[in-house]
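A.B. asks: Fold the following.
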Amino acid sequence: QVQLVESGGGLVQAGGSLRVSCAASGRTFSRHAVGWFRQAPGKEREFVAVISSSGGYTYYADSVKGRFTISRDNAKNTVSLQMNSLKPEDTAVYSCAAGNIVTTSSSPYDYWGQGTQVTVSS
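C.D. replies: Predicted coordinates for the structure are as follows:
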């Protein structure tokens, strides 16, 4: 069993940076791929980034490529998403999820956090 808790969201001006983190409990966390997803009001949840269990593979949505960086520290059971050059369209609730495969689809992820709000003002 893995429990996930996100932190680090907040309000930032366009062009600014934020770092959101996902802290996990459970001894099997290091065996799971972790994805970040976001959902804006009135929109469907969308994939943002994913990292493999070892951290050796990462993949990003085209909309955030070159601006966001996903990383993990398995010794600390954390995964972070560094977000730079933020845009108003990045405003959403950001959630992390853990699962057994590296995928951009939300369905295969077994464990989800409650989400953290990121708001980018223009």
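
A.B. asks: residues contacting Ser95?
C.D. replies: Neighbour list for Ser95: Glu6, Trp36, Phe37, Arg38, Gln39, Arg45, Trp112, Gly113, Gln114, Gly115, Thr116 [criterion: CB atoms under 8 Å, 6 or more residues apart in numbering]. Every residue, glycine included, has its C-beta placed from N, CA and C.

A.B. asks: Closest one of those residues to Pro88?
C.D. replies: Arg38 (13.3 Å; CB to CB).

A.B. asks: And that closest one, what's its pLDDT?
C.D. replies: pLDDT, Arg38: 98.

A.B. asks: Now do the phi/psi pair for it.
C.D. replies: Backbone torsions of Arg38, given as degrees, to the nearest 10, read phi -140, psi 150.

A.B. asks: What about the contacts of Ser95, which are in helices?
C.D. replies: In helices, judged by DSSP state H, none of the contacts of Ser95 are found.

A.B. asks: What's the PyMOL syntax to select whichever of these are buried?
C.D. replies: Buried members of the contacts of Ser95, defined by 16 or more other CB atoms under 10 Å, are picked up in PyMOL with:
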select buried, resi 6+36+37+38+112+113+115+116
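
A.B. asks: In strands, which of the contacts of Ser95 fall?
C.D. replies: Among the contacts of Ser95, the members found in strands (DSSP state E) are Glu6, Trp36, Phe37, Arg38, Gln39, Trp112, Thr116.

A.B. asks: for those residues, which one is nearest Ile70?
C.D. replies: Nearest to Ile70 out of these is Trp36 (CB to CB; 6.4 Å).
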